[in-house]
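Colleague: Provided below for reference: sequence and predicted model.
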Amino acid sequence: MQISVHNIEFSYNGAPVLKDIKCTIGRGEFIAVVGPNGSGKSTLIKCMNGILRPHKGAVMISGKNIKQHHLRDLAKTMAYVPQNKYGRTPATVFDTVLLGRKPYISWKPSGSDMQIASEIISRLNLEDIAMKDINNLSGGQQQTVYIARALAQQPQILLLDEPTANLDLKHTIEIMDILKNLCNKGLTVVIALHDINLAIRYASGIMMLKEGEIFAHGGKEIVNEENLEKLYDIKVQIVENHGIRHVIPAGQFEEADVVKKTYT
Ligand SMILES: Nc1ncnc2c1ncn2[C@@H]1O[C@H](COP(=O)(O)OP(=O)(O)OP(=O)(O)O)[C@@H](O)[C@H]1O
Ligand SMILES: [Mg+2]
C-alpha cells in the first residue's frame, strides 16, 4: 500500500521541526530515514501514523487522508514500533504480542488471533520468554517484543523508529531479514536508522533528513561522501567490498592516536 506525505509542517510549541516535507512511498518499498540526532526522523514517523497532527499538509494512504480513516481500520493498515517505550503496566510477552490483534478482535480473541500471535512469537524466537513480564526483559528483548506486536497487526505499512538500536548483530540481521522478506511480499517499510551501513544493505531507498527538511531522497547512490559529509558534518570514506559499499568515518585512526597521546 502507498503512503504519501503532502507538504507537511510540524512545530513543537511554536518551534518548527518539519518543514515542507513531501514524499511518496510505494507498496513494497523499504525506505530508510537517516539524519543527525534531532533532525526530525521520529517526528516525521509520528506524523505519518497520525500520533502527531501536522499543522499544514496531509498524510494520505491510498489517496485518502489518514484523518478520514477509522482508527480501527488504520490500525489494520499501519503499525508502528516506537523509539522509546514507556510501558510499565505488567504484561506477559504473549499478551503484549496478542495486543497487536486488537483491531481485529470484537470482545475476545479468536483461535486464529491466538495462532497468529504464537506463530510470530516462534518466528522471533521469543518462546522461552513468552510468559515473562515484559518489564523484566533486557532492552533488546523488549524491542523484539514490540516488533512482534507490530507484526501481529498484519499491517500493509510498517513504520519503525530505530528498531535495532538495542539489538546485537545477530538479532539485528534476523529482524532486518524478516522485514526485507515481508517487503518482498508487498509490505511497505519506513524505518528510521542511525546505522547507515544497515540502510545501504537493506533499503530500496534512502531519505536524508537535515534540520527538518529533506536533504536528499533517492536510491542508494545518494549515499556518497559529499552528501554524508554535508548531512553529518564529518569526513567520511566509502570503501567497497564484494560490491557492497561501507561508510567509515575518515580519520578515525588518527583521532584515536590523538586521544592515546593526550591521555597516556
Ligand atoms: N515532545 C517534544 N516536545 C518538544 N520538542 C520536541 C519533542 N520531541 C522532539 N522535539 C524536538 O524536535 C526535534 C526533532 O526531534 P526528533 O525526535 O524528531 O528527532 P530525531 O531525528 O528522531 O532524533 P534522534 O536521532 O535523536 O532520535 C528536536 O529538536 C527535539 O528536541
Ligand atoms: Mg528519533
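Modeller: Right, received. Where do you want to start? Ligands and ions are numbered 1, 2, ... in the order given.

Colleague: how much space between I51 and L71?
Modeller: 11 Å (CB to CB, to the nearest Å). C-beta: built from backbone N, CA, C; applies to glycine.

Colleague: and those two? Which one has more around it.
Modeller: Of the pair I51 and L71, I51 is the one with more neighbours under other CB atoms under 10 Å, namely 13 against 10.

Colleague: check contacts around that one.
Modeller: Y80 (CB atoms under 8 Å, 6 or more residues apart in numbering).

Colleague: where does the stretch 51-200 of the chain dip in pLDDT?
Modeller: 86-87 (pLDDT under 70).

Colleague: which strand or helix spans the residue nearest to the spatial centre of the chain?
Modeller: With distances taken as CA atoms, centre = their mean, the chain has L160 as the residue nearest its mean C-alpha position (2.2 Å). Taking DSSP states H and E as the definition, one finds L160 inside strand 157-161.

Colleague: and that strand, what does it pack against?
Modeller: helix 41-48, strand 78-81, helix 139-152, helix 169-184, strand 188-192 (3 or more CB pairs under 8 Å, 6 or more residues apart in numbering; DSSP states H and E).

Colleague: nearest to P109, out of those?
Modeller: helix 139-152 (10.7 Å; CB to CB).

Colleague: go through the closest one and flag the buried ones.
Modeller: Across helix 139-152, burial judged by 16 or more other CB atoms under 10 Å covers Q141, Q142, Q143, T144, V145, Y146, I147, A148, R149, A150, L151, A152.

Colleague: tell me what it is packed against?
Modeller: strand 78-81, helix 93-99, helix 111-123, strand 157-161, helix 169-184.

Colleague: and if we set it to 6 Å?
Modeller: strand 78-81, helix 93-99, helix 111-123 (3 or more CB pairs under 6 Å, 6 or more residues apart in numbering; DSSP states H and E).
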